[in-house]
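Visitor: fold the following and give me the result.
(2 chains)
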Amino acid sequence: MTVAPTITTDRVILRAHRASDMDAFWDFYQTARADFMDKPQNRSHLWYGVMAEIGSWVLHGHGGWAVDLHDGTMIGQVAILQPPHFTETELGWLLFDGYEGQGYAFEAADAALGYARQTLKPASLVSYIHRDNTRSRRLAERLGAAPDLQAKAHDDEDIVYRHFGEAA
Amino acid sequence: MPAIPVLETKRLVLRGPEPEDYPDFKATFSSYRARFMGGPLNAYESWMLYAAEIGHWAIRGYGMWMIHDRDTDETYGMAGGWKPAKWPEAEIAWIIWPDAQGHGFALEATHTARNYFYNTLGWEGAVSYLDPKNLDSIRLAERLGAIKDKDAPSVDGNDVVYRHPSPEKLRGSQLADGIALEIESYQNPLFQPKGYAID
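Guide: Here you go, the predicted model:
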């Protein structure tokens, strides 16, 4: 069964999800840091979402990774996903409270981006980011992505940041 | 993550959900057939549930198998164990594609899955959470020897809890012989079940 490959960088480790990640996610979604995301309405919704991010690896060869520091502290998630309402494959990220401003999200997202470029090679890769989520937009730009105003987004309030490839 | 075990019966092979089986799953879960399982689902919900069925194996170490025909490999439905967040106990669950009903596939698959949970994983019992209007599934639960448990907590108050017989109660019992006999009847190609087909 296909699972998320472990990717180690200088300061973070991308690893497959485990059951204990659920509480950390739930806590995250209760904070203002999740305001620009589709928040799960309850623990069941969260459960289905995380299980799907695991199962996506089997279905599509990509999915979600937990992001840990080298000491094992979980600090967030990066994911490469394409549920049916996404026009293109997306690189997404989230970072738990207290870990911003140190380049961790960049390091983790850049590692996932490298994996997409070298291993997955999807036809295109974008990040759908809420227009008011300036911190995430800044991160997309630092990763080298640029807004594609022609690309279709499933949410009118999102801006499509293109990492590579073209809209089908 | 360890591979999902493959279970074999006389007519069926139970394997983990595979990408190529998704169209069959989606067809049933986006249809009226799924009305007792939270459906009909839209494309996103259907994708999410299928991916979550696979994730369930990774996180719990058990889950739902895809039921295949031994000879043709075509899929007939799913059966196995299910325990999302908020489920009070581990559930034995099943669904049969509408076109595959009437051959006893759900009974054969569910009985085999339950034996695996009891004998290999060491479960001491299990329940099934059923919609009280889902009469076919209630009948199947009863044919498996499960009994309505009014005192057990349900998932959300809209479902009834059927408690499966414990491994001790099942082992060598008349009930177990009866289930085996019924499965054998369905396996006989000359067998014509009376009344309307239920699983």
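Visitor: select the longest helix from the chain.
Guide: By default, I'm working from chain A. In chain A, taking DSSP state H as the definition, the longest helix is helix A:43-60.
Visitor: switch to chain B, that's the one I care about
Guide: Longest helix of chain B, by residue count under DSSP H: helix B:43-60.
Visitor: okay, the angle between that one and helix A:43-60?
Guide: Helix B:43-60 runs at 90 degrees relative to helix A:43-60, counting by axes from the mean of the first three to the mean of the last three Cα atoms, to 10 degrees.
Visitor: which ones are touching B:Y22?
Guide: A:L59, B:W47, B:Y50 (Cβ atoms under 8 Å, 6 or more residues apart in numbering or on different chains). (Glycine included, C-beta is placed from N, CA and C.)
Visitor: does the most far-flung residue of chain A relative to its centre sit in a helix, a strand or a coil?
Guide: Residue farthest from the centre of chain A, counting by Cα atoms, centre = their mean, is A:Q150 at 22.3 Å. Using DSSP: H, G, I helix; E, B strand; the rest coil, the structure places A:Q150 in coil.
Visitor: ok, the residue nearest to it when sequence neighbours are not counted - how many residues close by?
Guide: Closest residue to A:Q150 apart from its sequence neighbours, by Cβ to Cβ, 6 or more residues apart in numbering or on different chains: A:A167 at 7.1 Å. Each residue near A:A167 was counted by other Cβ atoms under 10 Å in any protein chain shown, and the total is 14.
Visitor: low-confidence ranges in chain B?
Guide: Applying pLDDT under 70 to chain B picks out residues B:1, B:193-199.
Visitor: again, but for chain A
Guide: Using pLDDT under 70, chain A has no residue that qualifies.
Visitor: residues of it that sit close to chain B?
Guide: A:1, A:3, A:16-19, A:22, A:43-44, A:46-56, A:58-60, A:63, A:83-85 (Cβ under 8 Å from any Cβ of the partner chain).
Visitor: at 6 Å instead, please
Guide: A:1, A:3, A:19, A:43-44, A:47-48, A:51-52, A:54-56, A:58-59, A:83-85 (Cβ under 6 Å from any Cβ of the partner chain).
Visitor: could I have the buried ones of those residues as ChimeraX selection syntax?
Guide: Restricted to buried positions by 16 or more other Cβ atoms under 10 Å in any protein chain shown, the ChimeraX selection for these reads:
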select /A:43,47,48,51,52,54,55,56,58,59,83
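Visitor: of all residues in chain A, which one is nearest the centre?
Guide: Centre-most residue of chain A, counting by Cα atoms, centre = their mean: A:G92, 2.4 Å.
Visitor: which strands and helices lie in contact with the helix or strand where that residue lies?
Guide: For A:G92, the enclosing helix or strand under DSSP states H and E is strand A:89-95. When contacts are defined as 3 or more Cβ pairs under 6 Å, 6 or more residues apart in numbering or on different chains; DSSP states H and E, strand A:89-95 packs onto strand A:74-81, helix A:104-115, strand A:124-130.
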